[in-house]
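Novice: build the 3D model from these lines:
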Amino acid sequence: MSTPQLSVQLYSVRQALQDDEAATLGRLAALGLSNVEVFGFVDRADELADALAAHGLSARTGHAGFLSPDGASPDSLDDTFRAARRLGLEILFDPFVPASRWADEKEITRTATLLNEAAERAADHGLRVGYHNHSQEFVHTVAGVNAFDRFAGLLNPEVALEIDLFWASAGGNDVVSLLHRLGSRVRALHVKDGPVIDDPFTSGAPFDPADTGQVPAGRGRIPLDASLDAAPHAEYAILEFDHYDGDIFEGIATGVSYLNGKGIV
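Specialist: Residues are numbered from 1 along each chain as shown. A predicted model of the protein is given here:
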């Protein structure tokens, strides 16, 4: 069992980044963070790499959409993977496949095939790829199991999974049991806390992240302690808020303190 590295998903501070990127990165570094998870980086990899380096920050994981229904072109994939490597990423996760594609076994198989193919191409760049869940992946039963378990069973061994504990719980999971089932595929965790809510993505109704009630890690109902213990192969423990009612930096600081208390730095 290895201890994961502490990180934060920059989406949590997206507004602050838009207002003043340098000051925002400086504040994260001042909280004791040395790793971040990036998003929206493909068209600005050089600029972002310089900004992170200026504050002693590294990006080892990131999010980018590459599992389009028709598949990304080889050139597009290569551009994405080159940008990821420019930043020093080790694993790139696709962060969202729409709910409609998790209701049909053929679509689930197609998504898994696209991810397996992307993994082969990513390896040429010295990069791993994987998938980051929300809740819509778990609500349908396919071939006797939930859609996400079916999907995971179709993935090649080199494909990684990043389990968002809050959203996996919203998908109706006992998240500790889920992590045990997925085993060594789980290479990163989104350590996100709050109430146990119902999946908001399959209904098609408008969804407001402010309605999720997310709180700092260790302050909600998600079994974070047991989840960390159940994911011994996780390389990264990544704090994230989709929305936070309060000072976002205070919320992150509380999460940093919680994970530091688990020996995660």
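
Novice: which parts of the helix ranked longest in the chain are buried?
Specialist: Longest helix of the chain, by residue count under DSSP state H: helix 105-123. By neighbour count on 16 or more other CB atoms under 10 Å, the buried set for helix 105-123 is Glu107, Ile108, Arg110, Thr111, Ala112, Leu114, Leu115, Glu117, Ala118, Ala119, Arg121, Ala122. (C-beta placed from N, C-alpha, C; glycine too.)

Novice: any idea which helix or strand comes after that helix?
Specialist: As assigned by DSSP states H and E, the chain's next helix or strand after helix 105-123 is strand 128-132.

Novice: pull up the pairing partners for that following strand, direction included.
Specialist: According to DSSP bridges, strand 128-132 has the following sheet partners: strand 91-94 (parallel), strand 160-164 (parallel).

Novice: and the first one, how far from the chain's centre?
Specialist: What separates the centre of strand 91-94 from the centre of its chain is 8 Å, taken as CA atoms, centre = their mean, to the nearest Å.

Novice: ok, now the last one?
Specialist: Shown here is strand 160-164, whose average C-alpha point lies 6 Å from the average C-alpha point of the whole chain (CA atoms, centre = their mean).

Novice: then stretch 79-87?
Specialist: Centroid separation between stretch 79-87 and its chain, computed with CA atoms, centre = their mean, is 17 Å.

Novice: look at Asp104 and say how many residues are nearby.
Specialist: 13 (other CB atoms under 10 Å).

Novice: quick one: pLDDT of it?
Specialist: You'll see Asp104 listed with a pLDDT of 94.

Novice: in contact with it, which residues?
Specialist: Asp104 is in contact with Val142, counting by CB atoms under 8 Å, 6 or more residues apart in numbering.

Novice: do the one 5 residues further on as well
Specialist: Under the criterion of CB under 8 Å, 6+ apart, the neighbours of Thr109 are Leu154.

Novice: before we move on, back to that, nearest to Ser203 among the buried residues of helix 105-123?
Specialist: Minimum distance to Ser203 across these is 18.5 Å, recorded for Glu107 (CB to CB).

Novice: give me every residue that touches the closest residue to that closest one other than its chain neighbours.
Specialist: Spatial nearest neighbour of Glu107, excluding adjacent residues (CB to CB, 6 or more residues apart in numbering): Arg101 at 4.4 Å. Arg101 sits next to Pro69, Glu107, Ile108, Arg110, Thr111 when contact means CB under 8 Å, 6+ apart.

Novice: one more time with 10 Å
Specialist: Applying CB atoms under 10 Å, 6 or more residues apart in numbering to Arg101 gives the contacts Leu67, Pro69, Glu107, Ile108, Arg110, Thr111, Gln136, Glu137, Ala147, Phe151.
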